[in-house]
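show me how the following folds:
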Amino acid sequence: MVEPNDQQIIQSAQKLLSSRREIATASVLPTHTPDLSFSASSLVDEKDLETLKKRQEIAQQDKRFEAEMEQRRIDRELKKAIANLVFRFLATETGALFIVVLIQGFSPWGFHLEDSTINIFLGATLLQISSMAVIITRHLYPTSPA
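Sure, this is the predicted structure:
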């Protein structure tokens, strides 16, 4: 898509080109000799116009590329922040599990849990940590379709 300023530049260049053609055809030249200077001049102007269009296309591609790179940078930062948050949560949960198992082992203050409760707590925590690691890894490093 061409920006309005670029479109105005193209229209101005086309008007200038057409006015040069009118001036060249209205010039006082013998009618029997071909106007070679006009054709060379118009070729230069058309090349300039094509060059201008190509530069505008390249500038638009650069803008799209920069916008895409900025979006990817923001995406990486968000993924990193969420991964760090999940890591801290899982580390805290693992620390709490360690403390519960430690207290269960030494039984201070008469603290005692059933073995099945400890086994479920250990298994659930291990499963949760493993599944979160898989989910985070898949989303941070997606596989491209082959």
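
rounded mean pLDDT for the longest helix anywhere in the chain, please.
If you go by DSSP state H, the chain has its longest helix at helix 36-106. If you average the pLDDT over helix 36-106, you get 84.

now stretch 121-135
Stretch 121-135 shows a mean pLDDT of 90.

let me see the contact set for Thr125.
Counting by C-beta atoms under 8 Å, 6 or more residues apart in numbering, Thr125 touches Glu93, Thr94, Leu97. Placement of C-beta: from N, CA and C, glycine included.

what's around the last one, how many residues?
Applying other C-beta atoms under 10 Å, we find 17 residues neighbouring Leu97.

isn't it right up against Phe121?
Yes: Leu97 lies in contact with Phe121 (C-beta atoms under 8 Å); the separation is 6.4 Å.

now do the shared contacts for the two.
Here Leu97 and Phe121 have no joint contacts, going by C-beta under 8 Å, 6+ apart.

is Thr143 in a helix, a strand, or coil?
On the three-state scheme (DSSP: H, G, I helix; E, B strand; the rest coil), Thr143 is labelled coil.

coming back round to it: the longest helix of the chain: how far from the chain's middle?
Mean C-alpha position of helix 36-106 versus that of the full chain (C-alpha atoms, centre = their mean, to the nearest Å) differs by 3 Å.

let me see the residues that make contact with stretch 87-106.
Phe111, His112, Leu113, Ile118, Phe121, Leu122, Thr125, Gln128, Ile129, Met132.

try 7 Å
Residues lying outside stretch 87-106 but in contact with it, judged by C-beta atoms under 7 Å, 6 or more residues apart in numbering, are Phe111, Leu113, Ile118, Phe121, Leu122, Thr125, Ile129, Met132.

CA atoms of that stretch as PDB?
Extracted in PDB, the C-alpha atoms of stretch 87-106 (Å, rounded to 0.1, in the frame of the first residue of the first chain):
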ATOM      1  CA  PHE A  87       9.600 -20.800  37.100                       C
ATOM      2  CA  ARG A  88       9.400 -18.800  40.300                       C
ATOM      3  CA  PHE A  89       6.000 -20.300  41.100                       C
ATOM      4  CA  LEU A  90       7.200 -23.800  40.600                       C
ATOM      5  CA  ALA A  91      10.400 -23.200  42.600                       C
ATOM      6  CA  THR A  92       8.300 -21.900  45.500                       C
ATOM      7  CA  GLU A  93       6.000 -24.900  45.200                       C
ATOM      8  CA  THR A  94       9.000 -27.300  45.200                       C
ATOM      9  CA  GLY A  95      10.400 -25.500  48.200                       C
ATOM     10  CA  ALA A  96       7.100 -25.800  50.100                       C
ATOM     11  CA  LEU A  97       7.100 -29.500  49.200                       C
ATOM     12  CA  PHE A  98      10.600 -29.900  50.500                       C
ATOM     13  CA  ILE A  99       9.700 -28.200  53.800                       C
ATOM     14  CA  VAL A 100       6.600 -30.500  54.200                       C
ATOM     15  CA  VAL A 101       8.600 -33.600  53.500                       C
ATOM     16  CA  LEU A 102      11.300 -32.400  55.900                       C
ATOM     17  CA  ILE A 103       8.700 -31.700  58.600                       C
ATOM     18  CA  GLN A 104       7.100 -35.100  57.900                       C
ATOM     19  CA  GLY A 105      10.400 -36.800  58.300                       C
ATOM     20  CA  PHE A 106      11.400 -35.200  61.700                       C
END
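
lovely, talk soon.
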